[in-house]
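**Student:** Sequence and predicted model, in that order:
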Amino acid sequence: MYGASKLAGEAYCRTWRHAGALGVNILRFTNVYGPGDTGRVIPLWIERASRGLPLEVFGGEQVIDFVPVRTAVAALIAAGERDLDGPVNVGSGEGTTLLSLAARVRALFAICPGVEILPARSAEVVRFVADVGRMRPDLGVDPPGDPLQDLAWLVAPHPRAA
């Protein structure tokens with residue numbers, strides 16, 4: 001249902017665009033992470049690790065395309081300045097296993113929490129890596145060289161922008 005609702009939304013956007021009623025570009029984001037994110041794997045694991053709790057991995061076979069929010073914002077700004085021909089995927093174009101993500105999160109903390117492997121949940125996607133071949137030519141935005149490059153920034157204290 002999730003994928004069908006996204007396709008339906010894109011169909012509405014295309015209809016408005018073709019009717020000349022609204023300028024629309026479609027961006028398809030992968031798993032965006034950054035400050036203020038809640039309820040998803042990266043913020044949940046950072047919170048658990050900060051408390052010394054084990055990181056819960058359901059299955060562990062999943063491969064996910066993560067992208068920092070700053071890349072997503074750059075893509076949004078670029079899309080607002082262009083007339084795109086069709087949807088453009090915004091992601092890293094690289095797959096990160098959940099176990100690799102767990103290792104990266106664990107490495108950010110002095111007290112290294114464990115990893116608890118739990119049974120896989122049936123509703124989860126096992127592998128998703130976006131084709132980001134249009135990001136650079138259509139948006140002028142490069143996929144991040146390291147999809148998890150901003151993990152440390154989420155953990156380190158930093159001043160808030162005014």
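**Tutor:** Received it, and whenever you're ready, just let me know what you need.
**Student:** For residue 83, see how far away the closest residue to residue 121 other than its chain neighbours is.
**Tutor:** Of all residues not flanking residue 121 in the chain, residue 58 sits nearest, at 5.0 Å (CB to CB, 6 or more residues apart in numbering). Bear in mind the C-beta positions are built from the backbone N, C-alpha and C, glycine included. Computed as CB to CB, to the nearest Å, the residue 58 to residue 83 distance reads 41 Å.
**Student:** Could you check which of those two is surrounded by more residues?
**Tutor:** The neighbour comparison of residue 58 against residue 83 (other CB atoms under 10 Å) goes to residue 58, with 15 against 9.
**Student:** Tell me what the more buried one is bridged to.
**Tutor:** Counting by DSSP bridges, residue 58 is bridged to residue 118.
**Student:** Model confidence score at it, please.
**Tutor:** Reported pLDDT at residue 58 in the predicted model: 91.
**Student:** you'd agree it is up against residue 122?
**Tutor:** No. Taking contacts as CB atoms under 8 Å, residue 58 lies outside contact range of residue 122: 10.1 Å.
**Student:** Pull the CA coordinates from the least confident helix or strand in the chain by mean pLDDT and hand them back as CSV.
**Tutor:** Among the helical and strand segments of the chain, the one scoring lowest on mean pLDDT, DSSP states H and E is helix 2-18, with a mean of 78. Extracted as CSV, the C-alpha positions of helix 2-18 are listed here (Å, rounded to 0.1, in the frame of the first residue of the first chain):
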residue,chain,number,x,y,z
TYR,A,2,2.9,2.4,0.8
GLY,A,3,4.3,2.2,-2.8
ALA,A,4,0.8,2.4,-4.3
SER,A,5,0.0,5.6,-2.4
LYS,A,6,3.3,7.2,-3.5
LEU,A,7,2.6,6.3,-7.2
ALA,A,8,-0.9,7.7,-6.8
GLY,A,9,0.5,11.0,-5.4
GLU,A,10,2.9,11.2,-8.4
ALA,A,11,0.0,10.7,-10.7
TYR,A,12,-1.9,13.6,-9.2
CYS,A,13,1.2,15.8,-9.5
ARG,A,14,1.6,14.9,-13.2
THR,A,15,-2.0,15.7,-13.8
TRP,A,16,-1.7,19.1,-12.2
ARG,A,17,1.5,19.8,-14.2
HIS,A,18,0.0,18.7,-17.5
